[in-house]
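Novice: just the structure for this:
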Amino acid sequence: MISSKTLVPTTVGIIDVGIANLGSIERTLRETADEVVIVKEAHQISEVDRLVLPGVGAFPVAMARLSDTGLAPGIRDFAVDRRQPILGICLGMQLLASLGEEYGTTPGLDLIPGRVRRFDDSYGSRIPHVGWNSVDLEAQSPLFIDIPTGMDFYFVHSFVFEVQHQHFCSASATNGERFSAVVQSDNVVGVQFHPEKSSRIGRRLLRNFCEWSPC
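Specialist: Take a look at the predicted model:
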């Protein structure tokens with residue numbers, strides 16, 4: 001566990017979409033960040049210097065919640081105009097995409113070009129993809145400082161982020177087909193796995209995010 005004496009002097013806002021238990025990610029971030037704020041309203045985004053967007057459940061439901069609360073434009077402003085760091089986790093990573101194809105087509109936050117689609121079941125792999133899986137780096141990533149390629153992280157998902165261009169994929173994993181495990185565009189990054197459930201390596205990744213200065 002990271003000692004409180006080594007807290008990173010940063011304020012992290014965790015976006016509350018209202019459909020996920022934030023307890024694990026909040027506890028893990030409090031081991032690392034100087035301050036953690038649960039963000040339920042758009043005006044709170046101005047109080048933080050980086051955002052974490054976690055999520056479980058359905059893409060259209062989560063996007064509807066972000067739109068209804070005014071959080072969606074606040075997140076876009078934080079990323080595009082303020083150019084501050086954003087980390088999407090699991091469904092939160094998928095929401096960064098241009099669109100999602102769960103229960104029809106739904107526009108996403110459009111911060112990283114690509115679409116979210118269901119796993120290709122022609123490979124005979126188990127869907128949903130649940131459990132530990134190795135993650136292989138495809139490019140340098142600020143999240144993987146002191147984390148070697150091939151380390152195991154914990155996944156729970158049925159949909160994958162198909163990036164528009166391969167350079168947006170920083171790391172990949174395999175569940176029948178090869179899929180994006182980490183995506184990034186400048187100050188916006190997403191991980192398909194759950195770092196808060198991935199033991200020591202996951203805590204190291206979250207610390208790297210808190211220490212990251214992309215601009």
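Novice: if I pick Pro54, what's in contact with it?
Specialist: Applying Cβ atoms under 8 Å, 6 or more residues apart in numbering, we find Pro54 in contact with 14-15, 17, 20, 22, 25, 88-92. In short, each C-beta sits where N, CA and C put it, glycine included.
Novice: tell me if I am right that Phe153 is in a helix.
Specialist: No - counting by DSSP: H, G, I helix; E, B strand; the rest coil, Phe153 is not found in a helix; it is strand.
Novice: for the chain, what are the low-confidence residue spans?
Specialist: Scanning the chain for pLDDT under 70 picks out the ranges 1-5, 215.
Novice: would you point out which residue is most central in it?
Specialist: Centrality entry for the chain: nearest residue to the mean C-alpha point is Gly88, 2.0 Å, by Cα atoms, centre = their mean.
Novice: if we ignore the residues flanking it in sequence, what's nearest that residue?
Specialist: Gly190 (3.6 Å; Cβ to Cβ, 6 or more residues apart in numbering).
Novice: hmm, Ala79 and the one you found touching each other?
Specialist: No - with contact defined as Cβ atoms under 8 Å, Gly190 and Ala79 do not form a contacting pair (11.5 Å).
Novice: more crowded one of these two?
Specialist: Shown here are Gly190 and Ala79; by other Cβ atoms under 10 Å, Gly190 has more neighbours (29 against 21).
Novice: just say helix, strand or coil for that one.
Specialist: From three-state DSSP, the assignment for Gly190 is strand.
Novice: need the contact list for it.
Specialist: Residues in contact with Gly190, defined by Cβ under 8 Å, 6+ apart, are 87-89, 92-94, 96, 112, 161, 182-184.
Novice: quick check: the gap between it and His43.
Specialist: Distance from Gly190 to His43, counting by Cβ to Cβ, to the nearest Å: 24 Å.
Novice: can you pull the buried residues of stretch 57-76?
Specialist: For stretch 57-76, a neighbour-count test (16 or more other Cβ atoms under 10 Å) marks 58-63, 65-66, 69, 71-72, 74-75 as buried.
Novice: could these go into JSON lines alongside secondary structure and distance to Pro195?
Specialist: Formatted as JSON lines, those follow (DSSP: H, G, I helix; E, B strand; the rest coil; distance: Cβ to Cβ, whole Å):
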{"residue": "Ala58", "secondary structure": "coil", "distance to Pro195": "22"}
{"residue": "Phe59", "secondary structure": "helix", "distance to Pro195": "20"}
{"residue": "Pro60", "secondary structure": "helix", "distance to Pro195": "25"}
{"residue": "Val61", "secondary structure": "helix", "distance to Pro195": "23"}
{"residue": "Ala62", "secondary structure": "helix", "distance to Pro195": "19"}
{"residue": "Met63", "secondary structure": "helix", "distance to Pro195": "23"}
{"residue": "Arg65", "secondary structure": "helix", "distance to Pro195": "22"}
{"residue": "Leu66", "secondary structure": "helix", "distance to Pro195": "21"}
{"residue": "Thr69", "secondary structure": "coil", "distance to Pro195": "25"}
{"residue": "Leu71", "secondary structure": "helix", "distance to Pro195": "22"}
{"residue": "Ala72", "secondary structure": "helix", "distance to Pro195": "23"}
{"residue": "Gly74", "secondary structure": "helix", "distance to Pro195": "23"}
{"residue": "Ile75", "secondary structure": "helix", "distance to Pro195": "19"}
